[in-house]
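In: pasting the sequence and the predicted coordinates here, then a few questions.
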Amino acid sequence: MHRRSFLSLPALAPFSFIPLSFANDRPDKGIRVDAGKDRFNKSFMYLGARFDLKVSGKDTDGAMSIYDTTRFEKIGPPLHKHTNLDEWFFVMEGEFKVQIGQDIFRLKAGDSVFGPRGVAHTFVKTSDTVGRLLLIHQPAGTMEEYFEQIIQLKSPTPEQKKALLIKHHMEAVGPALSPD
């Protein structure tokens, strides 16, 4: 068989569903996001904190998302787990108490802790001053969509919260941490 006849179009027809290029939607240049700004100018308040998206899952083909959160209140999310993503916590200012599984970590500026997918976790600001916590989700999953949807609900019922968590591959498994 001659190579030319083997590579003829009819011979390749069964494989026509395979993309010929692996182009993606990632930008081909750096993306700057200024201090105190959000990637899309859509900062929002949630659980006593301002969230600024710094790197979107749209920028990384879903590989990760990064939020810079400024924490004003000593509150945090309920104990929960993600079934489809890991989360990394990096303290930039202030002090935080973070629970990963059964372990409690007391973190200060410069400290970090990793929360693997499927392991329950939560956190709370413990310092009296403003705190800043960098949250990295890997892969990005649907965290951006979750935040967009939860902030639209002004006074969500427990059923609405639970449905939204399930939709975004999360499960609440316990109460929020006390800052004490």
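Out: Perfect, I can see it now.
In: what's the distance between the most centrally placed residue in the chain and Y146?
Out: The C-alpha lying nearest the average C-alpha coordinate of the chain belongs to H137 (CA atoms, centre = their mean; 3.4 Å). Between H137 and Y146 the computed distance is 10 Å (CB to CB, to the nearest Å). (Glycine included, C-beta is placed from N, CA and C.)
In: over to T126?
Out: To Y146, T126 is 25 Å away according to CB to CB.
In: and the residue lying closest to G110 once chain neighbours are set aside, helix, strand or coil?
Out: Nearest non-adjacent residue to G110, counting by CB to CB, 6 or more residues apart in numbering: V91, 6.8 Å away. Each residue gets one of three states, and V91 gets strand by DSSP: H, G, I helix; E, B strand; the rest coil.
In: going along the chain, name the strands of the chain.
Out: Assigned by DSSP state E, the chain shows strands spanning 44-46, 49-55, 65-71, 78-82, 86-93, 95-100, 103-108, 112-115, 121-125, 131-138, 170-176.
In: as JSON lines, those with distance to A163 and mean pLDDT would be great.
Out: Formatted as JSON lines, the entries for the strands of the chain read as follows, by distance: least, CB to CB, whole Å; pLDDT from 0 to 100:
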{"stretch": "strand 44-46", "distance to A163": "17", "mean pLDDT": "97"}
{"stretch": "strand 49-55", "distance to A163": "21", "mean pLDDT": "98"}
{"stretch": "strand 65-71", "distance to A163": "22", "mean pLDDT": "98"}
{"stretch": "strand 78-82", "distance to A163": "14", "mean pLDDT": "98"}
{"stretch": "strand 86-93", "distance to A163": "21", "mean pLDDT": "98"}
{"stretch": "strand 95-100", "distance to A163": "25", "mean pLDDT": "98"}
{"stretch": "strand 103-108", "distance to A163": "30", "mean pLDDT": "98"}
{"stretch": "strand 112-115", "distance to A163": "23", "mean pLDDT": "98"}
{"stretch": "strand 121-125", "distance to A163": "20", "mean pLDDT": "98"}
{"stretch": "strand 131-138", "distance to A163": "20", "mean pLDDT": "98"}
{"stretch": "strand 170-176", "distance to A163": "11", "mean pLDDT": "97"}
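In: brilliant, that's me finished.
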